[in-house]
Each structure stands twice: as structure tokens, then as C-alpha cells.
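Visitor: please find the sequence and the predicted model below.
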Amino acid sequence: MKYLYPLLNAEMPGREDVLELTPNRASKEMLEHLAEQGVETFLDRFEAQQPQCGFGLRGLCCRMCQWGPCRISEKAPRGICGRDLNLVVMSNIVRALVAGLAAHGRHAHEVILTIIEAAEGRANFKLKGEQRVWELAEKFQLDTQGKDLSAVAKEVAFCLLEDLGRMTAGPMYMLEAYAPQERKQIWKRLGVLPRSASYEVMETLHMTTLGGCSDWTALAEQELRSALAYCYSTLFGSSMATEILFGIPKPKITQVNYGVLKEDHVNILVHGHSPVMVEKILEKINSPEIQELARTVGAKGIVVGGMCCTGDELLARYGIPTVTNIMGQELALGTGAVDAVVVDMQCVIPGLKIVADCFGTEVITTCNSNRIPGATHIPFDAENPANLDEDALKVARIAVESFAKRDRSKIRIPQVTTKAMAGWSYEAIKDVFGGTGEILRLLREGTIKGIVTVVGCNTPKVPYEYNHVTIVRKLIESGILVTTTGCCSHALLNAGLCAPEAAEYASSSLKELCQQLGIPPVLAVGGCVDNTRTLRLFIDLAEEAGVSLADMPFMFVGPEPGNEKTVGQGVSFLAHGVSNLVGFPAPIPVPVPKLKENAETHDDLDPGINDIVDFFGGEGLYEKVGAKVFTEPYPKLAAQTIRMHIRRKRLALGWK
């Protein structure tokens, strides 16, 4: 049965809706299998939470002090301290954004520190991204005369650290290096240039605490400021620092989906967001010692599979198959074939351990920020990496030895694999098309109608992965090129939309182009921090066209908001002039139309718009940055809204 929420103008799916609409038949098989086995999953817990709090769903619940919690309604339009709807909702949104900023900041911090340790010879990593080191050194105007790669990489890393933690007013290295000049002028005029990730987190929490800022418009400015810190210190910082460590990805063909797991092999899943220790674990897994250990315990080999963004990183660089995303992690373990899951930071839900215990899967945590009761904990410390090789070997041994303990009577591997092409770095996209000028020509003539990045988490509030796949199918049918990252990319990879053969689903002009180039119409560009690759492409194309980013036929789409980190992703693109379409539930209170006072007919309605809706979806934000937020819970209507937006941009530019 569906769960109806009239105040949200939407509904949430029941179990039968999920099973009917989930596009990946492997996921359907595992959901049914786990239900038959009586194993609790997110679906069971979602049902147990129904009905969900209507105040919380609309962002109208305030828990920022111990006087509350307070709920905003017609009966009680202000909280105990006096906060109204505008202040409560904006405080909730900006706090969610800086929670995501802190999460990605922690990711960036680990990778950047590892560069320093590697450059000084304390971490056993060879810096593979020489091209990125010299590029950043030039952009940051560092003196490289007579210095070797390690010395310059270390200086670059300290610049990135300063962007994370600067506490005095001053320009951010990465923002100055990569932000378009027209945007920098806008941000300076608006007074939203940030200092650093750490400072903006501190300032936001300060402003929103009890007795802090009472002006919601000032909080809206702080949201833009924090989003720019999020973009240029944590997204750019994480993505480029990882490229310095492990190199810039190149496209490659591989197989993905649950069927990559093998009953007669050791199956190890890697999960989380930071690939640093996983890279070393992978090195040990491929060593003769561990390969021989696998044969000793009776396995024919070792399969490594990825989940979430750590999986995206290994897929992009090495073609290591991915299995699923944040909401599929319980399903993957439910195959009974996973001997160990190695997790680092973020997106590792407590339910993972519940299912792991049902199937005897060894859970190994490698980050002190992500502890799980009952798991084996072998942490990586970027500032003390002396034991990194020893610890990575220990993880590999434990994982392989778990094969001998597997209960083979519980194995159920869906025999579903999907071809995929991944590894689309910023450079790779430009190279395959023949440069920025050629992509712009294709846009102008209409071979490519527009470029849309479809990204973000999953939420149980819509049928699992249905919105992602449905929207993207409709977009490529309309000739729109799509880029994707993070959890959304797993849905599109498993649906076959990231394989060259998916060109068959595209419009005639996009199909012909993709077939000519041997590429898919959906480009998987990496983990969620790698949204910077798409943003760089957008910036380059706007500069090549000689127009503002806000004028270009681009859009950012987050169909299934789930994690707090997705707020910063969307606002980062908004600040650059790229409008958003957000699915269900958006963190903005839904307008509730009402009959006007003394109305004579049911057509005489007050649209129920509020200040926050008007700011994000009306003229408020648009007047500041040239972009706005569209919200649409239903994917076919969402695709129509996106196509309309792209068409309007093309018409305004005079492009056919």
C-alpha cells in the first residue's frame, strides 16, 4: 500500500510498489529473498516508521536548543524562542549543508594528509598524478624552480589544507584558481566569498544556535558562502588530491551488478568514501601471498566489488566491478556470498551489521570516525601511516580466511551482470569529444541538446532507484547528455545506461554521436566529490561560449535526496548559476493552496507560497545568482520540467 502525504503533494511507496518499480531485477530478487528469510532490511524499518512526522518532512521542526522541540503550524506560528517558519526552515537547510561540508571535509583531510606523508616518505605510496601536481602548482602560483615532484606535491597539499582550515579573511587557493571570473564578481558583490570549510562550519553553527541570527536572509547568504567552501575546499580538494595520489582515471569497459560475485571465490566488498587504505588493501589482495592463501582455504580466486563512492573510485581507476549503493548494501550482504566487507567513512548504515550477522559476513572498519559495535577495527591514521602496509595485509588475510567460515546453504547470488563504461575524468570527457570547442559546436547545432548531471543518494520515500533511471531514460531520449556520480551512478550503471550500447535509447542525433565515438549517453564520472569534473566542464563551456554559466543549457538534478551531503552539492551548482531540480522530499516546505477568504468558487485559490519557496523557486535566489530550484516528486514530470528548462536556455541563446 502507498503512504499518502497530502501536505507534501506526494506519496511514499509500500513494499509492493518497490518490488514492482525497482528497475534492477537483482535488487528485486534480493528484497524478496531477505523477506522470505525473515531478515530485517530498510524496507521493514521504513514501514515501522509510518506515518512519518509531517512537521519533520516539511522542515518545520526545530531542535536547535533544549527548550524545544518546537513545531511550526497555524496554531503555533513561532517556536518558544520566537523563531518563525522562515528562520526554522532556513536554519535546518543550512545546518544540513554544513553537516555535509564537515563530512566531505573529513574525507579531504585524510587524502591531503596522505599526500604529505607520501611526499615525506612516511606513507608507502607513489604519487601517480604528476600532471595534477604541476597543474595545481601553476594555478596556485607556487615557486617550483629546482624542486622535485614530492616537494611540489607537499606544497600543493599544504595549500589545500589551508583551504580546509583558514581562520582569517583571505582568498581560497582553489576558488581563485578554478572559479569563473564572472562568478567571482557576483560572489564578491553578494559578500559570500568563504574563508575555509572549517570557518564556515563554525560560523553556521554559531549563527543558528539559540539566540544567534534571527534574519533568515542572512542565513541564506551564509548558505551560499558555505556552499562555496563546500565546493572549493572539500569537493575540489578531495577529488584533485585523490588524483594526485592515484592518478587521473581513463575510460574502461567492465561488468557491474550483483552477478559479479562468485560462489567459488572469496568475495570482498569495499564500501565508503575514502579510497586511501583500500588502495593499499587492494595491493595486498593481489599479492602472491594472499592469492595463495585464497587457494589454501579452498577458493578458486578473489573477487573485489565496490559499493558507494569507494566503489566508484576503484571502478573509475581499475575497472573493479561495483555492486550497489547506500540502500543496496544490506541486499548485497544478503547474497550470503560476501565473506568480508571493508568499510571506511560515510554511508555505512547500522543495518549493514545486522544483515552481516545473519550471514556470517566479517565487517572490518578502517576509519576511527566510523566505528561499528562488534566489527573488527583496523584503523588507518593519515598522520601515523607507519603500520599501513602491515594493517592492509592483516585486513586482506582476515577477509580471505572468512571464506572457510561461509555457510554455503545461505548463498543466493542473482545472476545479473551489466556491461558498463566508467572512468570519465574531466580530461577524458574533453579528449573523447575533441575538446571544449567541439562540445560547444555539438551543443549549438543541437546534436547535444544540453548537459544534465543527475546525482545523489537514494531515499526509501520513492521506489528504489526508479526515479534515477526513469528521469535519465527520458533525458537521453530527448538528446540530453547526462553525467552521473555517487549512489545515482550505481543505479544507472546497473540499468545498463552507462554502456556504449545504451546509445540505442538516445535521440537519433545523440545516438549517432555516441556510436561514432563509441561512448554511452550517460557518463559515470566518479564518486560524489567528483561532481567537480562536471562543474569544470560546465565552466569551460560557458567561457568558450562567452556567456554566463547561468545562460547555458545545463542543469543539476537530485531525484532522491537522502544524505545531508546532497544539499551542498545542489547549492554549489546553484551558486554557479546552474538551476536544480530536486525530487522527493525537498528540504523546502511545500506550498499548500487554500480557498481565499470569501471565495465563491473552488477555482479561487491562494497558492500558499511562502518566503522560503519564493526565495529558492521564485525570484529571490534567481536575482542573486541566475538560478533557481525546481521541485517535482514524480520522475516523468521531472524529466519534462528538465527538458523545458533546457529548451528555454537554448531559445534564449538563439540555438536551434
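Guide: Alright, I've got the coordinates.

Visitor: contacting residues for the closest residue to Gly191 other than its chain neighbours?
Guide: Closest residue to Gly191 apart from its sequence neighbours, by CB to CB, 6 or more residues apart in numbering: Glu221 at 6.8 Å. Where C-beta positions appear, they are placed from N, C-alpha and C, glycine not excepted. By CB atoms under 8 Å, 6 or more residues apart in numbering, the contact set of Glu221 is 190-192.

Visitor: can I get the strand or helix carrying Glu221 in PDB, CA atoms only?
Guide: Glu221 belongs to helix 216-229 when assigned by DSSP states H and E. Only the C-alpha atoms of helix 216-229 are listed here, as PDB (Å, rounded to 0.1, in the frame of the first residue of the first chain):
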ATOM      1  CA  TRP A 216      16.700  34.300   7.600                       C
ATOM      2  CA  THR A 217      18.100  36.200   4.700                       C
ATOM      3  CA  ALA A 218      21.500  36.400   6.400                       C
ATOM      4  CA  LEU A 219      21.300  32.600   6.800                       C
ATOM      5  CA  ALA A 220      20.500  32.300   3.100                       C
ATOM      6  CA  GLU A 221      23.700  34.300   2.400                       C
ATOM      7  CA  GLN A 222      25.600  32.000   4.800                       C
ATOM      8  CA  GLU A 223      24.300  29.100   2.900                       C
ATOM      9  CA  LEU A 224      25.800  30.300  -0.400                       C
ATOM     10  CA  ARG A 225      29.000  31.100   1.400                       C
ATOM     11  CA  SER A 226      29.200  27.600   3.000                       C
ATOM     12  CA  ALA A 227      28.300  26.000  -0.400                       C
ATOM     13  CA  LEU A 228      31.300  27.700  -2.000                       C
ATOM     14  CA  ALA A 229      33.500  26.500   0.800                       C
END
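
Visitor: quick one: buried residues of that helix?
Guide: For helix 216-229, the neighbour count (16 or more other CB atoms under 10 Å) marks 216, 219-229 as buried.

Visitor: from Leu87, how far out is the residue positioned nearest the centre of the chain?
Guide: The chain has Cys528 as the residue nearest its centroid, 3.3 Å off, counting by CA atoms, centre = their mean. Cys528 sits 29 Å away from Leu87, going by CB to CB, to the nearest Å.

Visitor: quick check: which ranges of this protein have low pLDDT?
Guide: Scanning the chain with the threshold set as pLDDT under 70 gives 592-594, 599-608.

Visitor: for it, longest helix please?
Guide: Across the chain, the helix with the greatest residue count (assigned by DSSP state H) is helix 85-119.

Visitor: following element in sequence after that helix, please.
Guide: Using DSSP H and E, the first helix or strand after helix 85-119 is helix 130-139.

Visitor: mind giving me the packing neighbours of that next one?
Guide: With contacts defined as 3 or more CB pairs under 8 Å, 6 or more residues apart in numbering; DSSP states H and E, helix 130-139 has these neighbours: helix 149-165, helix 173-178, helix 236-246.

Visitor: using PDB, list the CA coordinates for the last one.
Guide: Looking back up the chat, that one is helix 236-246. Output of helix 236-246 as PDB, limited to C-alpha atoms (Å, rounded to 0.1, in the frame of the first residue of the first chain):
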ATOM      1  CA  PHE A 236      37.700  20.100  -5.400                       C
ATOM      2  CA  GLY A 237      40.200  19.300  -2.600                       C
ATOM      3  CA  SER A 238      39.100  15.700  -2.300                       C
ATOM      4  CA  SER A 239      38.800  15.000  -6.000                       C
ATOM      5  CA  MET A 240      42.100  16.500  -7.000                       C
ATOM      6  CA  ALA A 241      44.000  15.200  -4.000                       C
ATOM      7  CA  THR A 242      42.900  11.700  -4.900                       C
ATOM      8  CA  GLU A 243      44.100  12.300  -8.500                       C
ATOM      9  CA  ILE A 244      47.500  13.400  -7.100                       C
ATOM     10  CA  LEU A 245      47.800  10.100  -5.100                       C
ATOM     11  CA  PHE A 246      46.300   7.600  -7.500                       C
END
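
Visitor: centre of the chain to that helix, how far?
Guide: 16 Å (CA atoms, centre = their mean, to the nearest Å).

Visitor: got it, and stretch 435-443?
Guide: Centroid displacement of stretch 435-443 relative to its chain, using CA atoms, centre = their mean, is 27 Å.

Visitor: quick check: buried residues in it?
Guide: By neighbour count with 16+ other CB under 10 Å, stretch 435-443 contains the buried residues 436, 439-440, 442-443.

Visitor: in helices only, show me these.
Guide: 436, 439-440, 442-443.

Visitor: next, format those as a markdown table and append distance to Ile281.
Guide: Supplementary listing: those in a markdown table, determined by distance: CB to CB, whole Å:
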| residue | distance to Ile281 |
| --- | --- |
| Thr436 | 38 |
| Ile439 | 37 |
| Leu440 | 42 |
| Leu442 | 41 |
| Leu443 | 42 |
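
Visitor: from those, which is closest to Leu517?
Guide: If you rank these by distance to Leu517 using CB to CB, Leu442 comes first, at 10.5 Å.

Visitor: what about that closest one, distance to Arg533?
Guide: Applying CB to CB to Leu442 and Arg533 gives a distance of 18 Å.

Visitor: now do Ala332
Guide: Plainly put, Ala332 is 27 Å away from Arg533 if you go by CB to CB.

Visitor: again with Glu203
Guide: 29 Å.

Visitor: how about Gln329?
Guide: Separation of Gln329 from Arg533 (CB to CB): 25 Å.

Visitor: just Ser409 next, same as before
Guide: Distance of Ser409 to Arg533, computed by CB to CB: 45 Å.

Visitor: and those two? Which one has more around it.
Guide: A side-by-side neighbour count of Ser409 and Arg533, using other CB atoms under 10 Å, places Arg533 first with 26 against 6.

Visitor: secondary structure element for that one, which one?
Guide: helix 531-545.

Visitor: got the angle for that helix vs helix 236-246?
Guide: For helix 531-545 against helix 236-246, the angle between stretch directions is 110 degrees (axes from the mean of the first three to the mean of the last three CA atoms, to 10 degrees).

Visitor: for helix 531-545, packing partners?
Guide: Contact here means 3+ CB pairs under 8 Å, 6+ apart; on that basis helix 531-545 packs against helix 236-246, helix 426-433, helix 436-445, strand 450-454, strand 480-485, strand 522-526, helix 565-575.

Visitor: how far does the following helix or strand past it sit from its chain's centre?
Guide: Using DSSP H and E, the helix or strand that follows helix 531-545 in sequence is strand 554-558. Centroid separation for strand 554-558 versus its chain: 13 Å, with CA atoms, centre = their mean.

Visitor: lovely, talk soon.
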